[in-house]
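K.L.:
The sequence and its predicted three-dimensional model are supplied below.
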Amino acid sequence: MSNVPADLQYTRSHEWVRTLADGTLEIGITDHAQHALGDLVFVEVPEAGRSVRAGEACAVVESVKAASDVYAPLAGKITAGNPRLAGEPEAVNAEPYAGGWLMRLKPDAGALAAAQLLSAAAYEKLLQAEGG
Amino acid sequence: MARQTPLYTLHQELGARMVDFGGWDMPVQYSSQIGEHHAVRRAAGVFDVSHMCVVDLKGPRVRAFLERLVANDVGRLKTPGKALYSCMLNESGGVLDDLIVYFLTESSFRAVVNAGTRDKDLVWMRRHAAAFGVEVLERADLAMLAIQGPEARAKAAQLLAPADARAALALGSFSARELGGWFVARTGYTGEDGFEIMVPASEAVPAWRKLNALGVASCGLGARDTLRLEAGMNLYGNDMDESTNPYESALGWTVALEPRGRDFLGRRALEAICASGPARKLIGLLLEDRGVLRSHQRLLIDGVDAGEITSGTYSPTLERSIALARLPAAATGKPQVDVRGKLLNAKVVKPPFVRFGKPLVS
């Protein structure tokens, strides 16, 4: 069974979102997603300062098998890409909700409310519906 | 409905992730694809390759039939059990499939062809076998296990009775023997030593379990692909097909134009290609930048589109990306690869990339 921490919010495309103390959002891919991808061997994260639209492909995670885009859950400005992943992509497999975060983003005004993120319970339901 | 091998239930029990491969429901990985890869390079792993199609060819004129059917010279097979890697070509020299042919007796040979090309291969073989009175018998009753890695032969030999084990360990490279009802071949697709063993379907599961108990890791098709690409071995459908000839596929070494009198299928086309020079070539690439090369990515030389990657992956042994790519024969200069709109630098190298656990390129 996939690990779905209760204190995070989720997207239908298997990203998670954590609201940090200063209102910045930390974003990564879920345990389910890293497991489905398999061993990650390359991760490309966005650069700080880049503005992204909701649903825009802004990071790439590649396993031995395939490359997958990671989408911005909502509009905002990137404040950081996780520098650790350039040399250690496997951190996404090992700690998808901690050291394997992909990017931090300062949401545009009103973007968080508009994003309609899923609660942990709703995301778990989605996984069950997908057979995961 | 995808076909299942005799090991299907065991794969599920072992927690394998299953995928469709050439019409078969096959394990792509059990736990970690990279872990399985390293198990084969460093110790031993076992693969289910029962999806591959084993074909027995029988009749007094079977050698003459194979001298007609395949581009390499079966006449070179003098010792029973000896194997030959080759291609079957169409009349224009395009590769219908690659295969291994084992010489058993003067009236009996065995071939192993790819799963994805099974139907057309059998039609092609039967069509040309008729004139030689050769019987083409698919051996769907057999399962095939590939046990590969530096410790593979010693582990696999423990499945056999002592006398058979000694005979198996005495097999030379690219040779096979029938031992205790099993067909044991010292062949493989990983760049490591090992055996490919054909067994009656009912004996596959106990053999697999015993190998696991001996410390041989269950390995999926994912690791098989990274291992074969590191070993510089072509995959049919990726690196060659009916639209490419052996000379354009780094398979010229599998074509025997001598003796000149041997009229194999595709010979006339290959002679013409030899005379004019092949139009394209298959090369090895080592990625210098960070990223992963994948099949169908485009190659540029001096900023101009020049060719395409046929197989690409991340090499767990080199911890860099590697690929096979097809370019015009005359192409020189340093290629770049278009990866999602970014141009990454690559170096042309001569495969294999890795052999017997050792990196051969840098």
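P.N.:
Structure received. Residues are numbered from 1 along each chain as shown, chains lettered A, B, ... in the order given.

K.L.:
quick one: buried residues of stretch B:179-187?
P.N.:
By neighbour count with 16 or more other Cβ atoms under 10 Å in any protein chain shown, stretch B:179-187 contains the buried residues B:L179, B:W182, B:F183, B:V184, B:A185, B:R186, B:T187. Heads up, the C-betas are built off the backbone N, CA and C, glycines and all.

K.L.:
which residues does the second one contact?
P.N.:
Right, the one you point to is B:W182. Shown in contact with B:W182 (Cβ atoms under 8 Å, 6 or more residues apart in numbering or on different chains): B:L160, B:I197, B:M198, B:V199, B:E203.

K.L.:
Return the per-residue confidence for the second one.
P.N.:
Spelled out, it's B:I197. At B:I197, the model reports a pLDDT of 98.

K.L.:
returning to what we had before: would a markdown table of the buried residues of stretch B:179-187 with pLDDT and secondary structure be doable?
P.N.:
Below are the buried residues of stretch B:179-187 laid out as a markdown table (pLDDT from 0 to 100; DSSP: H, G, I helix; E, B strand; the rest coil):
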| residue | pLDDT | secondary structure |
| --- | --- | --- |
| B:L179 | 97 | strand |
| B:W182 | 98 | strand |
| B:F183 | 98 | strand |
| B:V184 | 98 | strand |
| B:A185 | 98 | strand |
| B:R186 | 98 | coil |
| B:T187 | 98 | coil |
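
K.L.:
which among these gets closest to A:G87?
P.N.:
B:T187 (38.3 Å; Cβ to Cβ).

K.L.:
Just the ones of the contacts of B:W182 in strands?
P.N.:
B:I197, B:M198, B:V199 (DSSP state E).

K.L.:
Which member of the contacts of B:W182 is positioned nearest chain A?
P.N.:
B:I197 (26.6 Å; Cβ to the nearest Cβ).

K.L.:
And for that closest one, the neighbour number?
P.N.:
As a burial measure, B:I197 scores 27 neighbours (other Cβ atoms under 10 Å in any protein chain shown).

K.L.:
how about it, what does it touch?
P.N.:
Contacts of B:I197 (Cβ under 8 Å, 6+ apart): B:M144, B:L145, B:A146, B:I147, B:A156, B:W182, B:F183, B:V184, B:A185, B:A207.

K.L.:
Can you tell me how far A:Y123 is from chain B?
P.N.:
22 Å (Cβ to the nearest Cβ, to the nearest Å).

K.L.:
A:A91 versus that residue, what's the distance?
P.N.:
22 Å (Cβ to Cβ, to the nearest Å).

K.L.:
and those two? which has more neighbours close in?
P.N.:
Using other Cβ under 10 Å as the criterion, A:Y123 and A:A91 rank with A:Y123 on top: 22 against 19.

K.L.:
who's in contact with that one?
P.N.:
A:V4, A:Y10, A:T30.

K.L.:
6 Å instead, please
P.N.:
A:Y123 makes contact with A:V4, A:Y10, according to Cβ atoms under 6 Å, 6 or more residues apart in numbering or on different chains.

K.L.:
same question, the one 4 residues further on
P.N.:
With contacts defined as Cβ under 6 Å, 6+ apart, the neighbours of A:L127 are A:H32.

K.L.:
now swap in B:P27 and tell me
P.N.:
Neighbour list for B:P27: B:H11, B:A16, B:M18, B:G220 [criterion: Cβ under 6 Å, 6+ apart].

K.L.:
Name the nearest residue to it, sequence neighbours excluded.
P.N.:
Excluding the flanking residues, the one nearest B:P27 by Cβ to Cβ, 6 or more residues apart in numbering or on different chains is B:A16, at 3.5 Å.

K.L.:
can you pull the pLDDT of that neighbour?
P.N.:
Confidence at B:A16, expressed as pLDDT, is 97.

K.L.:
Surely it touches B:Y30?
P.N.:
Yes. With contacts counted by Cβ atoms under 6 Å, B:A16 reaches B:Y30, the gap being 5.0 Å.

K.L.:
So in terms of bridging, what pairs with the residue nearest to the spatial centre of chain A?
P.N.:
Geometric centre of chain A, nearest residue: A:G28, 2.4 Å, by Cα atoms, centre = their mean. Under the criterion DSSP bridges, A:G28 forms beta bridges with A:W16.

K.L.:
And it, how far from chain B?
P.N.:
20 Å.

K.L.:
For stretch B:256-269, list every residue counted as buried.
P.N.:
Buried-residue list, stretch B:256-269, by 16+ other Cβ under 10 Å: B:A256, B:R262, B:F264, B:L265, B:G266, B:R267, B:A269.

K.L.:
ok, and what's touching that stretch?
P.N.:
B:E67, B:R68, B:A71, B:N72, B:D73, B:L89, B:S92, B:G93.

K.L.:
For the stretch 1-150 of chain B, which residue gets nearest to chain A?
P.N.:
For the stretch 1-150 of chain B, Cβ to the nearest Cβ, closest residue to chain A: B:I34, 4.5 Å.

K.L.:
The helix or strand hosting B:A168 - what's its average pLDDT?
P.N.:
For B:A168, the host element (DSSP states H and E) is helix B:162-169. For helix B:162-169, mean pLDDT is 98.
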